[in-house]
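Enquirer: Here is a sequence with its predicted model. Questions after.
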Amino acid sequence: MAGPFLTWFFLLCSDGRPSSALEGQELAWRYALGDLAAVSGVTAKTLRFYEQAGLLPAPPRTAGGYRDYPPQTVQRLAFIRDAQGAGLSLAEIRHVLALRDAGASPCAHVTALVEAHLQDIDRRLAELRATRAVLRGLAERAAATDPADCTDAEVCRILTGAGSAVGERPH
């Protein structure tokens with residue numbers, strides 16, 4: 001693996017101390033594609049997709065043409081993972097990152113996104129509660145229905161007229 005470990009290895013003197021040219025300086029880790037994938041827990045294919053989708057800026061390339069990701073990419077990937085975990089779409093995440101990349105604080109935008117997602121979840125929960133009520137009514141009807149009473153024209157008496165007899169189904 002030619003990533004950060006080897007970079008660190010070659011910057012040390014033979015006795016294990018930093019070379020005098022680097023004494024007291026921060027080392028700028030760089031990551032090859034596979035190294036970044038291993039460190040961040042995402043696949044190389046996902047990294048290339050994120051780059052294509054505009055979530056990761058195109059990294060500089062080595063002389064050999066390999067991607068050479070800067071260290072802050074690890075934090076950016078952690079942010080993407082956290083934002084996905086919060087239910088944000090890749091388009092929403094891309095917009096948040098674009099705001100930050102432009103030097104603006106995305107917090108007001110993120111607050112609006114969180115509120116919109118909460119409203120969507122509340123709406124979906126209400127739909128699920130309505131569907132549950134319909135299904136409970138159908139379960140009661142099923143318990144009271146003798147399958148022998150069903151006619152060919154009804155297909156299934158349990159479901160026939162389910163929207164009107166039990167309650168209106170959500171759309």
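Expert: Cool, the structure landed.
Enquirer: Please identify the buried residues of stretch 126-138?
Expert: 134, 138 (16 or more other C-beta atoms under 10 Å). The way it works is simple: take the backbone N, C-alpha and C, and place the C-beta from them, glycine included.
Enquirer: tell me the mean pLDDT for that stretch?
Expert: Stretch 126-138 shows a mean pLDDT of 96.
Enquirer: any idea how far the closest residue to residue 44 other than its chain neighbours is from residue 98?
Expert: Of all residues not flanking residue 44 in the chain, residue 37 sits nearest, at 4.6 Å (C-beta to C-beta, 6 or more residues apart in numbering). To residue 98, residue 37 is 24 Å away according to C-beta to C-beta, to the nearest Å.
Enquirer: of these two, who's got more company?
Expert: residue 37 (19 against 14; other C-beta atoms under 10 Å).
Enquirer: State the pLDDT value of that one.
Expert: pLDDT, residue 37: 88.
Enquirer: and residue 31, what are its phi and psi?
Expert: phi -120, psi 130 (degrees, to the nearest 10).
Enquirer: Roughly how far does it sit from residue 39?
Expert: Counting by C-beta to C-beta - residue 31 and residue 39 are separated by 7 Å.
Enquirer: Those two: which is more packed in?
Expert: Set residue 31 next to residue 39 and count neighbours by other C-beta under 10 Å: residue 31 wins out with 23 against 17.
Enquirer: quick one, what contacts the residue lying closest to that one once chain neighbours are set aside?
Expert: Nearest non-adjacent residue to residue 31, counting by C-beta to C-beta, 6+ apart: residue 69, 4.2 Å away. Taking C-beta atoms under 8 Å, 6 or more residues apart in numbering, we find residue 69 in contact with 30-33, 36, 56, 59.
Enquirer: can we see that at 7 Å?
Expert: Contacts for residue 69 (C-beta atoms under 7 Å, 6 or more residues apart in numbering) come out as 30-31, 36, 59.
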